[in-house]
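# Everything below, folded, please.
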Amino acid sequence: MVWLAVLLAVLGAFCLAFGAQRQGSAVKADTGGLALSTHGLLRLVRNPRWVFGFLLLCVGMAMNAVALVMAPLTVVQPIGAIALVITTVVNTKDQGLSMNRATIVAISACVTGSAMFVVLAVNVTQENHNVSSEDELTIVLLLALAVGLFGTLALLFKHRMSAFVYILGAGVLFGFVAVLTRIIGRHLLDPNGLFLLNVPWYSLVAIVAAGVLGSWFVQNAYSGGPPDLVIAGLTVIDPIVGIAIGIVILGELRPDVQPVMAIAMGTAASLAIVGVIALSRHHPEVTKRKKEARKAAGRS
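Sure, this is the predicted structure:
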């Protein structure tokens, strides 16, 4: 079962990588690097390349979800980081670029930091099968704050927000979505047989709002940055946020954890996030755009 889960996780990583690359190239061709509009998104829905990328992403997420059911998180979660490496290689070849040293170091930091964080987290956390209504409401209220914050930023600074801010917002929002998905799943599987009647209305509203805004942020990140930056955000920030919520709010931290483990987790998370920031600044596609912008400014 474990080897089948590993195979599914690897195949899922390939689907996520190629799906992100297909969608990213379609968005860039449509927007020319400008912010994505509502009309632009409607055009993308009719773009075969974008739709194919969307289908690959759905298949990849489904494979990863099945793999997580079949094998421990420690085995499956780090494999998702493979998608970052694949996406970077595929995108640089597609754009006719070569990876610079800073990009390689940034990707290494992302993969190493996220893998270390997940492995450490699994060793210090425990499953909480009884999520109280108070904890669920707390998560929803925090998510409402996140949606309000990032939604306001998108409205006020739509044409000035960097790709990193978009993907940071998407990673945070999808981290909350992952937690609420687990909670809602438990409600649906409750033996009382009430299914959706067990799910509070505010949790359904919150997960839909976060999913829609997070997806919008991902598409805008494609228009302003390389697709491997999007994958980096979703494979680094998303699990860090989800595990942090589990530890801080759901009480999934084991009682015998030593302070040195908390320091190690913080160091691993910081390394991964610094890798994402470095990737957003030094990726060859980003530096190419900066040079072109400076040349255009010099001619004007």
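# all strands for the stretch 151-300 of the chain, in order.
Secondary structure of the stretch 151-300 of the chain (DSSP state E, counting those that start in this stretch): no strands located.
# next structured bit after the worst-scoring helix or strand of the chain on mean pLDDT?
Lowest by mean pLDDT, DSSP states H and E among the helices and strands of the chain is helix 73-76, with a mean of 62. Per DSSP states H and E, the first helix or strand lying C-terminal to helix 73-76 is helix 82-94.
# Can you name every helix or strand that the helix or strand following that next one contacts?
Next helix or strand after helix 82-94 toward the C-terminus (DSSP H and E): helix 101-124. When contacts are defined as 3 or more Cβ pairs under 8 Å, 6 or more residues apart in numbering; DSSP states H and E, helix 101-124 packs onto helix 73-76, helix 82-94, helix 227-248, helix 259-282. Using the backbone N, CA and C atoms, a C-beta is placed for each residue, glycine as well.
# Let's have these in JSON lines, adding distance to Asn47 and mean neighbour count.
Output for the helices and strands packed on helix 101-124, formatted as JSON lines (distance: least, Cβ to Cβ, whole Å; neighbours: other Cβ atoms under 10 Å):
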{"stretch": "helix 73-76", "distance to Asn47": "32", "mean neighbour count": "18"}
{"stretch": "helix 82-94", "distance to Asn47": "16", "mean neighbour count": "21"}
{"stretch": "helix 227-248", "distance to Asn47": "15", "mean neighbour count": "25"}
{"stretch": "helix 259-282", "distance to Asn47": "25", "mean neighbour count": "18"}
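# between the ones you listed, which gets nearest to Ala106?
helix 259-282 (3.8 Å; Cβ to Cβ).
# chain center to that closest one, what's the gap?
Relative to the mean C-alpha coordinate of its chain, helix 259-282 is positioned 15 Å out (Cα atoms, centre = their mean, to the nearest Å).
# closest one to Leu196 among the helices and strands packed on helix 101-124?
In terms of Cβ to Cβ, the element of these nearest to Leu196 is helix 227-248, at 23.1 Å.
# Run the angle between the closest one and helix 259-282 for me.
Interaxial angle of helix 227-248 relative to helix 259-282 (axes from the mean of the first three to the mean of the last three Cα atoms, to 10 degrees): 160 degrees.
# pull the CA atoms of helix 227-248 into PDB?
Taking Å, rounded to 0.1, in the frame of the first residue of the first chain, the C-alpha atoms of helix 227-248 are listed here in PDB:
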ATOM      1  CA  PRO A 227       4.500  28.800 -12.700                       C
ATOM      2  CA  ASP A 228       7.200  27.200 -10.500                       C
ATOM      3  CA  LEU A 229       6.700  30.100  -8.000                       C
ATOM      4  CA  VAL A 230       3.000  29.200  -7.800                       C
ATOM      5  CA  ILE A 231       3.900  25.500  -7.100                       C
ATOM      6  CA  ALA A 232       6.500  26.700  -4.600                       C
ATOM      7  CA  GLY A 233       3.900  28.700  -2.700                       C
ATOM      8  CA  LEU A 234       1.400  25.900  -2.700                       C
ATOM      9  CA  THR A 235       3.800  23.100  -1.700                       C
ATOM     10  CA  VAL A 236       5.500  25.200   1.000                       C
ATOM     11  CA  ILE A 237       3.200  27.800   2.500                       C
ATOM     12  CA  ASP A 238       0.000  25.700   2.300                       C
ATOM     13  CA  PRO A 239       1.200  22.700   4.500                       C
ATOM     14  CA  ILE A 240       3.000  25.100   6.900                       C
ATOM     15  CA  VAL A 241      -0.200  27.000   7.500                       C
ATOM     16  CA  GLY A 242      -2.300  23.800   7.800                       C
ATOM     17  CA  ILE A 243       0.100  22.200  10.300                       C
ATOM     18  CA  ALA A 244       0.400  25.500  12.300                       C
ATOM     19  CA  ILE A 245      -3.400  25.600  12.600                       C
ATOM     20  CA  GLY A 246      -3.500  22.000  13.800                       C
ATOM     21  CA  ILE A 247      -0.900  22.700  16.400                       C
ATOM     22  CA  VAL A 248      -2.100  26.100  17.700                       C
END
